[in-house]
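Trainee: 3D, please:
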Amino acid sequence: TGVVPFMALLLLQRRPVAGRALLVTGPGCPGHGLCRSNVQEQTRRQVALLNATAQDLFSLYLKCQGEPFSSEADKLCNPSGVFFPAFRVNRTSERKEVMVAMYKLFAFLNASLGNITRDQEELNPTAKELLDRLHNTTKTTRGLISNLTCLLCKNYNIFQVDVSYGESSKGKSTFKKKQQGCQVLRKYVQVIAQAARVLLPHLSP
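Mentor: As a prediction, the model looks like this:
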């Protein structure tokens, strides 16, 4: 628990952790130098890409886990018990509120992807296509976090956000690691679709 600046958060997200940082506004933004000229359009494209590829990532993940995950996905990958940041914004929410909610969501997702990738590198080291997709999704997510950081600082002078990270799978059995991964990815498919519907209109030119 504590106050963690954005840059520190971006470093923390390289590994699965549990922590929180306080939402504040103030003079601590590192300046508009973080922003690219096309940051808004780039953010739109990143969200759209994550939404377009989420289902394929989940399907490939299931295929690589083998049985019983391939045949009992509805039962084993039910995400009802998986923590995900609350996402209570909609298209009529204020843009600032939407951006903060998005940052929380993708910071959580980035840490979760790191957790899943680490497990799959251990459990399925020869599953090149899956590992490549996990790495690419993580890369896109980190780029999106960077752009959201810029937009929050530039437009709202927000440079620290209350972030919750998911449970690490370290020390769990092989089955539990696989199950946690499929639960998180199924929830991701659901949430990213909602996020795209909510965020994209707020980023329209």
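
Trainee: from now on I want contacts and neighbour counts done on CA atoms only, so please keep to that.
Mentor: OK.

Trainee: need the pLDDT of the residue nearest the centre of the chain.
Mentor: Nearest residue to the geometric centre of the chain (CA atoms, centre = their mean): L109, 2.3 Å. Per-residue confidence (pLDDT) for L109: 93.

Trainee: could you point out which element follows whichever strand or helix holds it?
Mentor: Element membership for L109, per DSSP states H and E: helix 95-123. Going down the chain from helix 95-123, the next helix or strand is helix 128-156, by DSSP H and E.

Trainee: distance from the next helix or strand after that following helix to the middle of the chain?
Mentor: Note on helix 128-156: by DSSP H and E, the next helix or strand toward the C-terminus is strand 158-160. Here the centre of strand 158-160 is set off from its chain's centre by 18 Å, with CA atoms, centre = their mean, to the nearest Å.

Trainee: give me the mean pLDDT for the next helix or strand after strand 158-160.
Mentor: Downstream of strand 158-160, the first helix or strand assigned by DSSP H and E is helix 174-202. Mean pLDDT, computed over helix 174-202, is 92.

Trainee: buried residues, helix 174-202. List them.
Mentor: Burial within helix 174-202, assessed by neighbour count using 16 or more other CA atoms under 10 Å, is assigned to 177-189, 191-193, 195-200, 202.

Trainee: endpoints of stretch 64-77, how far apart?
Mentor: 14 Å (CA to CA, to the nearest Å).

Trainee: for it, which outside residues touch it?
Mentor: Contacts to stretch 64-77, defined as CA atoms under 8 Å, 6 or more residues apart in numbering, come from residues L62, K63, N124, A127, L130, K178, Q179, Q180, C182, Q183, R186.

Trainee: tally of neighbours for the fourth one?
Mentor: As a burial measure, A127 scores 15 neighbours (other CA atoms under 10 Å).

Trainee: now the helix holding L109, how far from the chain's geometric center?
Mentor: That offset, for helix 95-123, works out to 2 Å (CA atoms, centre = their mean).

Trainee: could you give the angle of it to helix 128-156?
Mentor: Calculated by axes from the mean of the first three to the mean of the last three CA atoms, to 10 degrees, helix 95-123 forms an angle of 160 degrees with helix 128-156.

Trainee: S112 contacts S169, correct?
Mentor: No. Here S112 does not reach S169: they are 9.7 Å apart, not a contact under CA atoms under 8 Å.

Trainee: who's more crowded, these two?
Mentor: Higher neighbour count among S112 and S169: S112, with 29 against 20, using other CA under 10 Å.

Trainee: related to what we said a few turns ago, can you point out the buried residues in the helix holding L109?
Mentor: Of the residues in helix 95-123, 95, 98-120 count as buried by neighbour count, 16+ other CA under 10 Å.

Trainee: the nearest residue to N124 once chain neighbours are set aside: which element?
Mentor: Sequence neighbours aside, C64 is the residue nearest to N124 in space, at 7.5 Å (criterion: CA to CA, 6 or more residues apart in numbering). Using DSSP H and E, the element containing C64 is helix 39-65.
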